[in-house]
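[1] With the sequence up front, the predicted model follows.
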Amino acid sequence: MSSENTMDDEDTFKILIATDVHLGYLEKDAIRGNDTNNTLNEILKCAKTNQVDFILLGGDLFHENKPSRKCLHNCITMLRKYCMGDSPIQFNILSDQTVNFNTTQFPWVNYQDENLNISIPVFSIHGNHDDPTGAEGLCALDLLCAAGLVNHFGHSQSVERIEISPILMQKGNTKLALYGLGSIPDERLYRMFVNNQVTMLRPKEDQDDWFNLFTIHQNRSKHGPTNYIPEQFLDDFLDLVVWGHEHECLITPTRNEQQLFYVTQPGSSVATSLSPGEARKKHIGLLRVKGRKMNLQKIPLKTVRQFFIQDVVLADYQDRFTPDTPQVTKKVEDLCYAKVTEMLEEAERERLGCPLTPEKPLIRLRVDYSGGFETFNTARFSQKFVDCLANPKDIIHFVRRREQKEDIKDEVNIDYSKLLKTTAAEGLRVEDLVKQYFEAAEQTVQLSLLTEQGMGKAIQEFVDKDEKDAIQELITYQLEKTQRHLQARGVTSEQEIDTEVRRFRDSKKNTTEEENDIKEAINRARAHRLERGDQPADLDISSELADINMDFDEDPIPAPTRGRGRGGRGRGGRGRGRGAASSEPKPAGRGRSQKSSATSQSRSIMQAFQAPSQRSHSATTASYTADDVTIDDSDEDLPVTKATRPPPRPAASSSSFTKYSSQSQSQSSRGVAFDDSDDDDEDNLFKGPSHGSRR
């Protein structure tokens, strides 16, 4: 648009925003193998066409933690083609670059390297797919960083405390503070936020002159009690948050009503699962920042393969067939054939006039056959669409709701609508079920020695990985540790022993000590299994303490899973795992041969005469304040967010920071205004606050 070009002046940052490219996804597939390469090529070409100042990637540039040589070669080739050149860089970096880029032996931005000729810098955080692993803590982004093609930032090397230091940039009179935090297991990061162990640094002077942009790669939607990061955990001085990891494209900035900053979720650049969230049209964003005001332009991606998904409930077609209808299976198959044909025709209509869109779309039909219907042969059905679709093997996905009997005492007053329950509970995991059970249980059957998290992890190892000794080893290990603790305390009475045991257990909840205890017990169980010569049920075991979130592609057989509605997560699929567990077993600890009953274990504790030396575990209360942001809705496709600019102050010192811990309270409260008035000056997309009305 000409109005945008005239607006781009020496004070305006132009930033291309994209997340979750997943380069290398299905690269061996004959049809879809080149999709991610085409999309990345389109993103980089768009950046060069719009002459952006830099590209900001929100994690998961690669789909695999160890991308193939072909994948790395394609990525390096495209970055060199589009991001190297003679175009001058119009902005300066004022912060300490040795802190910003602490994962490389060349701790400075690549365009300031005298041996490189960079025209478009790329700044990226790592995601859960391409996260740092191994003793060196390296990831695929570090390879590109060492080659001078990407600036990797937002890597926290400490698991005890996180300090996020911004990259301070200045272009003309506009000052931009770029914050970033690479992927961390959600439960661990959640606990660190609650314990005020996450700190964001700010310049000591002229703090209100900086536009604060934060890039994060975590769960945004809730998938368990602590298996996500609430937006309210983020600091209220932020202006815009770029949220990666979530694949549904919600790129239009939305305001957090409590913190009053805006959040944009660009979503994935390619569909990596056949789930509803992936069916939304894919976009990238062109962000313009001038002073304290911003404008985000949505740019649709043209090379993304089309994806259509539809649900069919057979019980809704009683006017056409019932489970007792003759040849009902054939009629159901004909209905599904008609639905798939309709989606193919819709895909062909949308593709007209867009030659960059791949010819064969992705189609998913989810068929609910509850109520007595039978499934048909999906392999035979798929043969009809082999030449038309990109996913002929998994077009049909059968789901069924099963009946669950409740404890019904009065058969006369039965609410039959409550008997139908869905088979899968989204977001529930073994640990959550264990915790819910013991929280709802009577006091007499509550855990007094073990924690709910520890028992949940042990049960998960037993169920998922066939570690038969996991539960027994956890009990034995905790019993030994509690006995030693009681002996050290010298407690004598039975009442004091019970009290101290519970205190000892409660003090370890949600701490690193608890994680280490669980890990040690599971390692003992594995060592005992290896001594017997048993083979594990799953040879590819992720770290038991990693936050493993499943973005699954639905299996043909419905089963309870931790669904994200976006695609399967595993190191080889769409995994959340942060590294494979060590294959070398640790020696079995003491007490392996002692398998006593619950009664004898309780008696052993009584004989130990011990009281806990307990650390007080106080929960921190978070206080939240509002941030002041102004928005201009004059153009529906180009949402403009702006904030009242404060009076000018002396220049901020690039090396002088003040700590701003998470959930700290802002010194000033800022209001929000909305501008719905028409403006005659179309060239000025950054409108002043005088057009808005205060609320």
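    Received, thanks.
[2] which residues in the stretch 51-200 of the chain form helices?
    69-83, 97-100, 140-146, 186-194 (DSSP state H, counting those that start in this stretch).
[3] Need those in CSV (columns: distance to residue 61, mean pLDDT and mean neighbour count).
    C-beta coordinates here come from the backbone N, C-alpha and C atoms, glycine included. As requested, the helices of the stretch 51-200 of the chain are arranged in CSV below (distance: least, CB to CB, whole Å; pLDDT from 0 to 100; neighbours: other CB atoms under 10 Å):
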stretch, distance to residue 61, mean pLDDT, mean neighbour count
helix 69-83, 7, 97, 17
helix 97-100, 18, 94, 16
helix 140-146, 7, 96, 21
helix 186-194, 20, 95, 21
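[4] Tabulate these in JSON lines, adding columns for distance to residue 388.
    Supplementary listing: the helices of the stretch 51-200 of the chain in JSON lines, determined by distance: least, CB to CB, whole Å:
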{"stretch": "helix 69-83", "distance to residue 388": "28"}
{"stretch": "helix 97-100", "distance to residue 388": "50"}
{"stretch": "helix 140-146", "distance to residue 388": "35"}
{"stretch": "helix 186-194", "distance to residue 388": "39"}
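[5] Point out where this structure drops to low pLDDT.
    Where the chain drops to pLDDT under 70, the residues are 1-7, 402-448, 463-466, 533-656, 659-695.
[6] where do the helices sit along it?
    2-7, 35-49, 69-83, 97-100, 140-146, 186-194, 328-351, 378-382, 430-440, 452-465, 470-489, 494-507, 512-532, 598-608 (DSSP state H).
[7] contact partners of the fourth one?
    Under the contact criterion CB atoms under 8 Å, 6 or more residues apart in numbering, helix 97-100 has outside partners 93, 107, 108, 109, 153, 165, 166, 167.
[8] circling back: could I get the helices of the chain as JSON lines with distance to residue 242?
    What follows is the helices of the chain, written out as JSON lines (distance: least, CB to CB, whole Å):
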{"stretch": "helix 2-7", "distance to residue 242": "20"}
{"stretch": "helix 35-49", "distance to residue 242": "15"}
{"stretch": "helix 69-83", "distance to residue 242": "19"}
{"stretch": "helix 97-100", "distance to residue 242": "17"}
{"stretch": "helix 140-146", "distance to residue 242": "17"}
{"stretch": "helix 186-194", "distance to residue 242": "17"}
{"stretch": "helix 328-351", "distance to residue 242": "28"}
{"stretch": "helix 378-382", "distance to residue 242": "39"}
{"stretch": "helix 430-440", "distance to residue 242": "29"}
{"stretch": "helix 452-465", "distance to residue 242": "32"}
{"stretch": "helix 470-489", "distance to residue 242": "40"}
{"stretch": "helix 494-507", "distance to residue 242": "38"}
{"stretch": "helix 512-532", "distance to residue 242": "30"}
{"stretch": "helix 598-608", "distance to residue 242": "51"}
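[9] Ok, which of the ones you listed comes nearest residue 225?
    Taking CB to CB as the criterion, residue 225 comes closest to helix 430-440 out of the helices of the chain, the separation being 6.8 Å.
[10] thinking again about what came up before, of the helices of the chain, give the one that comes closest to residue 22.
    Comparison of the helices of the chain against residue 22 by CB to CB identifies helix 35-49 as nearest, at 5.9 Å.
[11] From what I see, residue 216 and residue 246 are in contact.
    No - taking CB atoms under 8 Å as the definition, residue 216 is not a contact partner of residue 246, at 10.5 Å.
[12] residues in contact with the residue lying closest to residue 315 once chain neighbours are set aside?
    Sequence neighbours aside, residue 371 is the residue nearest to residue 315 in space, at 4.6 Å (criterion: CB to CB, 6 or more residues apart in numbering). By CB under 8 Å, 6+ apart, the residues touching residue 371 are 314, 315, 323.
[13] Counting neighbours, what do you get for the first one?
    Residue 314 is flanked by 24 other residues according to other CB atoms under 10 Å.
[14] which residues does the residue lying closest to it once chain neighbours are set aside contact?
    If you skip the residues right next to it in sequence, residue 314 has residue 373 as its closest partner in space, 4.9 Å away by CB to CB, 6+ apart. Listed by CB under 8 Å, 6+ apart, the contact set of residue 373 reads 314, 315, 323, 328, 332.
[15] Now, of the residues you listed, which are buried?
    The neighbour count (16 or more other CB atoms under 10 Å) marks 314, 328, 332 as buried among the contacts of residue 373.
[16] was I right about the first one contacting residue 367?
    Yes - if you go by CB under 8 Å, residue 314 and residue 367 touch, sitting 6.8 Å apart.
[17] what do those two both touch?
    By CB under 8 Å, 6+ apart, the residues touching both residue 314 and residue 367 are residue 332.
[18] related to what we said a few turns ago, can you name the two of the contacts of residue 373 that are farthest apart?
    Longest span within the contacts of residue 373, CB to CB: 315 and 328, 12.3 Å.
[19] quick revisit: need the buried ones among the contacts of residue 373 in TSV (columns: distance to residue 88).
    Compiled in TSV, the buried ones among the contacts of residue 373 are given as follows (distance: CB to CB, whole Å):
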residue	distance to residue 88
314	63
328	70
332	64
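[20] Among the residues you listed, which one lies nearest to residue 18?
    Proximity of the buried ones among the contacts of residue 373 to residue 18 was ranked by CB to CB; the top entry is residue 314 with 40.2 Å.
[21] still on that earlier bit, between the contacts of helix 97-100, which sits nearest residue 401?
    Nearest to residue 401 among these: residue 153, at 47.0 Å, using CB to CB.
[22] which residues does residue 33 contact?
    Shown in contact with residue 33 (CB under 8 Å, 6+ apart): 26, 27.
[23] quick one, phi psi at it?
    Main-chain dihedrals, residue 33, degrees, to the nearest 10: phi -60, psi -30.
[24] What separation is there between it and residue 388?
    Summarising the geometry, the distance separating residue 33 from residue 388, computed by CB to CB, to the nearest Å, is 18 Å.
[25] before we move on, the earlier item: can you give me the distance of the residue nearest to residue 315 to residue 527?
    Residue 371 sits 50 Å away from residue 527, going by CB to CB.
[26] Next: residue 56.
    Distance of residue 56 to residue 527, given as CB to CB: 46 Å.
[27] Who has more neighbours out of those two?
    For residue 56 and residue 527, the more surrounded residue by other CB under 10 Å is residue 56, and the numbers stand at 24 against 18.
[28] in terms of contact, does the more buried one touch residue 17 like I think?
    Yes - between residue 56 and residue 17 there is a contact under CB under 8 Å: 5.1 Å.
[29] Mutual contacts of the two, please.
    Overlap between the neighbourhoods of residue 56 and residue 17 consists of 242, 287, taking contacts as CB under 8 Å, 6+ apart.
[30] show me the contacts for the nearest residue in space to residue 231 that is not next to it in sequence.
    Distances taken as CB to CB, 6+ apart place residue 256 nearest to residue 231, at 4.9 Å, with adjacent residues excluded. With contacts defined as CB under 8 Å, 6+ apart, the neighbours of residue 256 are 231, 232, 262, 263.
[31] can I assume the third one is in contact with residue 252?
    So the one you mean is residue 262. No - under the contact definition of CB under 8 Å, residue 262 does not touch residue 252, with a separation of 9.6 Å.
[32] quick one: which of those two has more around it?
    Summary of the neighbour comparison: residue 262 and residue 252, criterion other CB under 10 Å, with residue 262 having more neighbours (21 against 15).
[33] what's across from the more buried one in the sheet?
    residue 240, residue 255 (DSSP bridges).
[34] Could you check how far it is from residue 308?
    Here the distance between residue 262 and residue 308 works out to 31 Å (CB to CB).
[35] Spell out which residues make up each domain of the protein.
    Following the TED database, the chain resolves into domains at 13-300, 307-399, 418-522.
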